[in-house]
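Colleague: got a predicted model here, sequence first, then my questions.
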Amino acid sequence: MAAREAAKSAATLDELRALLDKFDGCALKATASRLVFADGNPQGRLMLIGEAPGREEDIEGVPFVGRSGKLLDQMLGAIGLDRTKVYIANIVPWRPPGNRTPTPVETQICLPFIQRQIELANPDILVCIGGPSAGGLLNLQGILKNRGRWLSYQTGTREIRAMATLHPAYLLRSPIAKRLAWRDFLAIKKALG
Ligand code: URA
């Protein structure tokens with residue numbers, strides 16, 4: 001409730017970041033070093049949403065700067081994109097201890113903030129990276145089964161084309177799956193025109 005009220009009251013992304021920084025309703029804030037709000041271009045047509053910051057992201061305060069982030073940058077580069085054109089955030093903005101997956105309760109608590117962040121950034125295309133993001137924002141259960149399909153995400157004011165794809169951390173563990181992610185990125189490139 002508190003998260004919903006706070007998130008709704010933010011009129012800009014800067015206000016949202018400031019509100020999130022003051023929000024004490026999520027226990028992860030106490031163990032994380034800092035808030036990891038976003039990177040890239042909030043005016044970009046594509047918004048990517050990952051799971052949660054890891055160790056490097058927690059140190060730098062920037063999403064996707066570790067090993068997964070380097071692979072994500074390569075995948076974006078392969079379709080002619082980089083962080084000057086894309087906006088990047090996470091469904092949970094504080095690092096879970098030991099890089100564990102955020103619990104469903106932690107994700108639910110943070111959900112109003114990322115929903116407002118999407119609404120304010122207002123991208124043309126939303127891509128959820130990995131299971132927790134796809135589950136929390138697109139209601140998808142089972143990323144391998146559901147990745148690569150175009151869906152619709154409702155911001156409250158409009159509909160945005162949305163897709164879930166595999167997390168680069170998974171691709172680092174299972175390189176064979178890179179061809180599936182490549183298919184998704186080609187579809188994203190095509191949708192951007
Ligand atoms: N994994 C994520 O999901 N997000 C990050 O910011 C880093 C790694």
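Modeller: Arrived safely.
Colleague: nearest to the ligand: which residue in this structure?
Modeller: residue 50 (2.9 Å; Cβ to the nearest ligand atom). The way it works is simple: take the backbone N, C-alpha and C, and place the C-beta from them, glycine included.
Colleague: does the ligand sit close to stretch 171-191?
Modeller: No. Applying Cβ under 6 Å from any ligand atom, one finds stretch 171-191 separated from the ligand by no less than 10.7 Å.
Colleague: what mean pLDDT does that stretch have?
Modeller: For stretch 171-191, the mean pLDDT works out to 98.
Colleague: return the distance of it from the chain's centre.
Modeller: Distance of stretch 171-191 from the chain centroid (Cα atoms, centre = their mean, to the nearest Å) equals 17 Å.
Colleague: can you give the contact residues for it?
Modeller: 46, 67-68, 71, 75-76, 78-80, 125, 127, 147-148, 150, 161, 163, 165-166, 168, 170 (Cβ atoms under 8 Å, 6 or more residues apart in numbering).
Colleague: go through that stretch and flag the buried ones.
Modeller: 171, 177-178, 181, 184-185, 187-188 (16 or more other Cβ atoms under 10 Å).
Colleague: format those residues as CSV; extra columns: secondary structure.
Modeller: Below are these laid out as CSV (DSSP: H, G, I helix; E, B strand; the rest coil):
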residue, secondary structure
171, helix
177, helix
178, helix
181, helix
184, helix
185, helix
187, helix
188, helix
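Colleague: show the contacting residues for residue 56.
Modeller: By Cβ under 8 Å, 6+ apart, residue 56 lies in contact with 65-66, 69.
Colleague: relative to residue 54, which of the residues you listed is nearest.
Modeller: residue 66 (5.3 Å; Cβ to Cβ).
Colleague: does the closest one touch residue 55 like I think?
Modeller: Yes. Using Cβ atoms under 8 Å, residue 66 is in contact with residue 55, at 6.8 Å.
Colleague: out of those two, which sits in the busier spot?
Modeller: Counted by other Cβ atoms under 10 Å, residue 66 and residue 55 do not tie: residue 66 has more neighbours, with 20 against 12.
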